[in-house]
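> Provided below are the primary sequence and the corresponding predicted coordinates.
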2 protein chains.
Amino acid sequence: MKRRDFITTTAIGASSLALLGCRRAEENKSVAINRGKKVKLKLATSWPAHFPIMGTGVDTFANRCKQLSGGSLEIQVYPKNILVPALQVFDTTSAAQIDAFHSGVYYWKGKNSAFSIFGGMPLGLTSEEMITWLKFGGGYDLWRELYGKFNLYPIIGGTTGPQMGGWFKKEIQTLADLKGLKMRIPGLGGEVMQRLGVNPVLLPAGEIYTSLERGTIDATEWVGPYLDKMMGFDKAASYYYTGWHEPGSILEITLNKTRWEKLSTEHQAIITTASEEMTGNMLQEFRYKNAQALQELPKSVQIKSFSKEIIRAAKVALDEVLYDESQKNDDFKRVLQSYQTFTQLNKAWDDISTKNFLEIRS
Amino acid sequence: MKRRDFITTTAIGASSLALLGCRRAEENKSVAINRGKKVKLKLATSWPAHFPIMGTGVDTFANRCKQLSGGSLEIQVYPKNILVPALQVFDTTSAAQIDAFHSGVYYWKGKNSAFSIFGGMPLGLTSEEMITWLKFGGGYDLWRELYGKFNLYPIIGGTTGPQMGGWFKKEIQTLADLKGLKMRIPGLGGEVMQRLGVNPVLLPAGEIYTSLERGTIDATEWVGPYLDKMMGFDKAASYYYTGWHEPGSILEITLNKTRWEKLSTEHQAIITTASEEMTGNMLQEFRYKNAQALQELPKSVQIKSFSKEIIRAAKVALDEVLYDESQKNDDFKRVLQSYQTFTQLNKAWDDISTKNFLEIRS
């Protein structure tokens, strides 16, 4: 009900003041069971307004929360840099200056290197497997414990599905071809590439295309065919490598923990359920649109995979990165142990189920 | 609010009859926006009460609907054979004798052979891919159109993930080993097996173990390690074959269409969102519990895969089954075309993304 409707109804009630008027209100009340007060939450994102899939996904999520709550839970979505700069959403939510954010977990490595594992692991778990680890394998408990130190409460808020390895201006055949290459690649993937001789570069999204086109950088990774094509990378590089570093990156709806705990059980349930819906839809939308975009790439683009030599070296380098970080950070060590325990359990089953199905149908 | 509470509240209101009382009701009304009337739905399932994952999944779904609606949407879950026999749920919902059912789509082949495709395809799409086809590839439109003829409105209501190929008392090495085998295997998988010389047998769930143990049947398929172990099959047969016929079976929450259309937009949204949550949770729970159960199988159990010869023959037989059914049933032909168009689009992308990731991490 809009404020104006409320005033009108009240005015009529006051003018008649009949028992009937009172009873009508009571009847309406009878269906308002446990409804709770009207709540408004400010949620900032790390994406431009209505950015495809990530941005439209969180818009749909907010609409769904409103709909499920009969209008009593209103989440106002602010695109990046409107209320808060894209990468300040963690700190401002932690400080309760806003109520919540929607972002990628891989952005918060600087806060605690353990967080990068909740966002996904090179050569590791797919989206469905990551979510299974978080929900059933103990991952969520650790994530909530460690975010709790920042007074934050994280919820899985979408996932990209498998990402591509990136765009290269020249073909990469051997490890030697990687040496000295300037590549835009963040996160654990970037650290691995660095150990293989690549020079990882950080660039704002708006500068990547021009840098690649002009040869200021030799390569860049982004997401997958659908979003990469929107960035125009197929016009600036010809070699498109299959993925290895982001098998299933996790996005998050994270709330200020004090704010979360003050919400009614019902509003908490609405946010949780709507996040689950967003996560499934996002994964499926990425699958469909990536499949379509792959068909539409120009013929100049060659799909390549890194050689066994490169993948083998990447595994060795990754193990070194994980070992070094475990020595430095106990949180990282604990989260990694939980992740690896699940990975081992999962792999024996996945090898004879999903992997087997994908192989025999080929 | 219960009827009794309503009467009590009204009585208090009537006894004071103050403006204050009236205003308080109005304030409560202000958060009851679009709440709608209290609705009760009778939903029958094809599972025993609280059957693991499928049954507990729909219990959780019903609780979630109640919670999300502030108590205004109550779905009463009836296990199989309480209100309705397990395989009568389709007809009784169609006839509006109950409001809804939770079951497996593969059961309704006899109503229209096209329905079997919505439930999953041997050697075909995984759960995530099936859902993507239904939501983004046109599958849902066809499903709703064809169920509409039975006055039914289907919603994806869970999925089993990849299933196993089944338990065999003897090792199967060649096509010759399949000839004359008595196997409990329903659906399209059963039709394919029949063309390979197997004698498919239908048995009630309660009789499968004894039949296998006594050698009345030579083999049976069921679901996967978790539910199969509960059935005790690991004590009655030693050869456990990896899957080929059920890569991603789809379950359904299906409502009587007239009843669905009479629900408020909000209650429709609650059912849709809670179904999405159930689907994700069920897939992840199956993954986790199957992985655990696989570890716990006795050492007497040997995990085997069918030979390339058998898989190749199964593909040929499947193509024949699909061709024959397409000649007989135009609905089947249309649904198959939609399924195959998506399959082709999806495969090019999946081969270089998910399949690639599962292979390089090994």
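On my side now, so go ahead. Residues are numbered from 1 along each chain as shown, chains lettered A, B, ... in the order given.

> so where do the strands sit in chain A?
Applying DSSP state E to chain A gives strands spanning A:39-45, A:73-78, A:100-104, A:152-159, A:166-168, A:182-184, A:199-201, A:219-220, A:239-241, A:250-256, A:302-304.

> out of these, which comes closest to B:Pro225?
Closest approach to B:Pro225 among the strands of chain A (Cβ to Cβ): strand A:152-159, 25.6 Å. Any C-beta I mention is one placed from the backbone N, CA and C, and that applies to glycine too.

> Any chance of JSON lines for the strands of chain A, columns distance to B:Leu175?
Listed next are those as JSON lines, based on distance: least, Cβ to Cβ, whole Å:
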{"stretch": "strand A:39-45", "distance to B:Leu175": "56"}
{"stretch": "strand A:73-78", "distance to B:Leu175": "58"}
{"stretch": "strand A:100-104", "distance to B:Leu175": "50"}
{"stretch": "strand A:152-159", "distance to B:Leu175": "42"}
{"stretch": "strand A:166-168", "distance to B:Leu175": "45"}
{"stretch": "strand A:182-184", "distance to B:Leu175": "51"}
{"stretch": "strand A:199-201", "distance to B:Leu175": "54"}
{"stretch": "strand A:219-220", "distance to B:Leu175": "49"}
{"stretch": "strand A:239-241", "distance to B:Leu175": "41"}
{"stretch": "strand A:250-256", "distance to B:Leu175": "45"}
{"stretch": "strand A:302-304", "distance to B:Leu175": "36"}
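
> So in chain A, where's the weakest helix or strand by average pLDDT?
helix A:3-16 (a mean of 33; mean pLDDT, DSSP states H and E).

> Rebuild the strands of chain A as a markdown table, extending it with mean neighbour count and mean pLDDT.
Below are the strands of chain A laid out as a markdown table (neighbours: other Cβ atoms under 10 Å in any protein chain shown; pLDDT from 0 to 100):
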| stretch | mean neighbour count | mean pLDDT |
| --- | --- | --- |
| strand A:39-45 | 21 | 98 |
| strand A:73-78 | 20 | 98 |
| strand A:100-104 | 26 | 97 |
| strand A:152-159 | 25 | 98 |
| strand A:166-168 | 25 | 98 |
| strand A:182-184 | 20 | 98 |
| strand A:199-201 | 18 | 96 |
| strand A:219-220 | 24 | 98 |
| strand A:239-241 | 20 | 98 |
| strand A:250-256 | 26 | 98 |
| strand A:302-304 | 15 | 98 |
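
> what's the closest of the ones you listed to B:Gly120?
Taking these one by one with Cβ to Cβ, strand A:152-159 is closest: 23.0 Å.

> for that closest one, packing partners?
helix A:54-68, helix A:89-94, helix A:127-136, helix A:139-148, strand A:250-256, helix A:257-262, helix A:265-296 (3 or more Cβ pairs under 8 Å, 6 or more residues apart in numbering or on different chains; DSSP states H and E).

> And these: which comes nearest A:Leu203?
helix A:54-68 (18.9 Å).

> Next, report how far the closest one is displaced from the centre of its chain.
15 Å (Cα atoms, centre = their mean, to the nearest Å).

> same thing with stretch A:305-324?
Here stretch A:305-324 is found 24 Å from its chain centre; the criterion is Cα atoms, centre = their mean.

> can you check stretch A:287-295 too?
So, by Cα atoms, centre = their mean, the centroid of stretch A:287-295 is 19 Å from its chain's centroid.

> is that stretch anywhere near chain B?
Yes: remark: stretch A:287-295 sits within contact range of chain B at A:287-288, A:290-292, A:294-295, by Cβ under 8 Å from any Cβ of the partner chain.

> What parts of the stretch 51-200 of chain A come near chain B?
A:64, A:67-68, A:70-72, A:123-124, A:126, A:128-129, A:131-132, A:135-137, A:161-162, A:164.

> can you pull the contacts of the one residue sitting closest to the centre of chain A?
Central residue of chain A (Cα atoms, centre = their mean): A:Leu251, 1.6 Å from the mean position. Residues near A:Leu251 by Cβ atoms under 8 Å, 6 or more residues apart in numbering or on different chains: A:54, A:102-105, A:156-160, A:282.

> Bridged to it, which residues?
A:Gly104 (DSSP bridges).

> could you measure it against B:Ala274, distance?
21 Å (Cβ to Cβ, to the nearest Å).

> repeat for A:Thr258
From A:Thr258 to B:Ala274 the distance is 28 Å (Cβ to Cβ).

> Next: A:Phe136.
From A:Phe136 to B:Ala274 the distance is 20 Å (Cβ to Cβ).

> Those two: who's more crowded?
More crowded of A:Phe136 and B:Ala274, by other Cβ atoms under 10 Å in any protein chain shown: B:Ala274, with 30 against 20.

> Settle this for me: that one is touching B:Leu68, isn't it.
Yes: judged on Cβ atoms under 8 Å, B:Ala274 makes contact with B:Leu68 at a distance of 6.5 Å.

> which residues sit in contact with A:Thr160?
Taking Cβ under 8 Å, 6+ apart, we find A:Thr160 in contact with A:127, A:223-224, A:246, A:248-249, A:251, A:282, A:286.

> Just the closest of those residues to A:Glu309, please.
A:Glu246 (21.0 Å).
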